[in-house]
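Enquirer: after the sequence you'll find the predicted model.
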Amino acid sequence: MEERLQKLLSAAGLCSRRTAEDYIEAGRVTVNGQTAKLGDKADLTRDRVALDGVEVGPAAEPVYLMLNKPRGYVTTLSDEEGRPTVAQLVTDCGVRVWPVGRLDLDSEGLLLLTNDGALTHRLIHPSHEVDKQYLVMVTGDIEAALPVLNGPMELDGVALAPAKVDRLGPNLLSFQIHEGKNRQIRRMCQQVGLTVKALRRVREGQVQLGGLKLGKWRYLTDEEVAILKSL
């Protein structure tokens, strides 16, 4: 079946679709010996697709990982500033995987990584409203802040979907949200006068972080993968 070249390169685990588009525009991709153009399609069962002269193989087997991301790591595959990346923590899985969504530099906890583009799109697309839970250590007037956090709020003039925020301890809050806008929880807390001291994601959908050690990863179980695909 013919598919766009950027999809074939991404499915083979060579790069993201966006990076593949850059490769194509730079003339680094060929189809049957001819330099490809953006928008070209190919069928790997009959066409020879190559990147920098190296033939592209079939799509890699899907891999699904959970990482307990530490603070100080950026949620990217590479970083222009030379900061540590989450990709460096999962190199021993043996295949190229990418993060599903983001956790900011100062946050930690559950981060999914995969080479399954369809599942990635499903989990990060706002229309699917995948619920995520975060444990957040804060300082400030929590009692005054809670009604505001659980009510209508805006970021950059755009209304947020309702959050569910509960107090679990003297300085510990549980946030349940599904939008995941840039630094959303930190900015929500800032609006109500709370200072975030620590933020950890512990659940995505029904998949739990559990006792996975900080900085370590594991494969998702078949049951967990099925749960994510059903969301």
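Expert: Perfect, I can see it now.

Enquirer: for the rest of this, base every contact and every neighbour count on C-alpha atoms.
Expert: Will do.

Enquirer: low pLDDT regions in this protein?
Expert: Counting by pLDDT under 70, the chain contains low-confidence ranges at 59, 126.

Enquirer: can you pull out the helices in it?
Expert: For the chain, helices defined by DSSP state H occupy the ranges 5-11, 17-25, 117-124, 142-149, 184-191, 222-230.

Enquirer: how about a markdown table for those helices, with mean neighbour count and distance to Asp52 added?
Expert: Conversion of the helices of the chain to a markdown table gives the following (neighbours: other C-alpha atoms under 10 Å; distance: least, C-alpha to C-alpha, whole Å):
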| stretch | mean neighbour count | distance to Asp52 |
| --- | --- | --- |
| helix 5-11 | 23 | 12 |
| helix 17-25 | 17 | 9 |
| helix 117-124 | 17 | 23 |
| helix 142-149 | 15 | 52 |
| helix 184-191 | 17 | 40 |
| helix 222-230 | 13 | 34 |
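
Enquirer: got CSV for the ones you listed, with distance to Gln176 too?
Expert: Shown next, in CSV, are those (distance: least, C-alpha to C-alpha, whole Å):
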stretch, distance to Gln176
helix 5-11, 32
helix 17-25, 31
helix 117-124, 15
helix 142-149, 11
helix 184-191, 10
helix 222-230, 17
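
Enquirer: against Ser107, how distant is Gln191?
Expert: According to C-alpha to C-alpha, to the nearest Å, Gln191 and Ser107 sit 19 Å apart.

Enquirer: actually, Gly27.
Expert: Distance from Gly27 to Ser107, by C-alpha to C-alpha: 39 Å.

Enquirer: neighbour count winner among those two?
Expert: Using other C-alpha atoms under 10 Å, the more surrounded residue of Gly27 and Ser107 is Ser107, with 22 against 16.

Enquirer: correct me, but the more buried one touches Arg71?
Expert: Yes - assessed by C-alpha atoms under 8 Å, Ser107 is found in contact with Arg71 at 5.4 Å.
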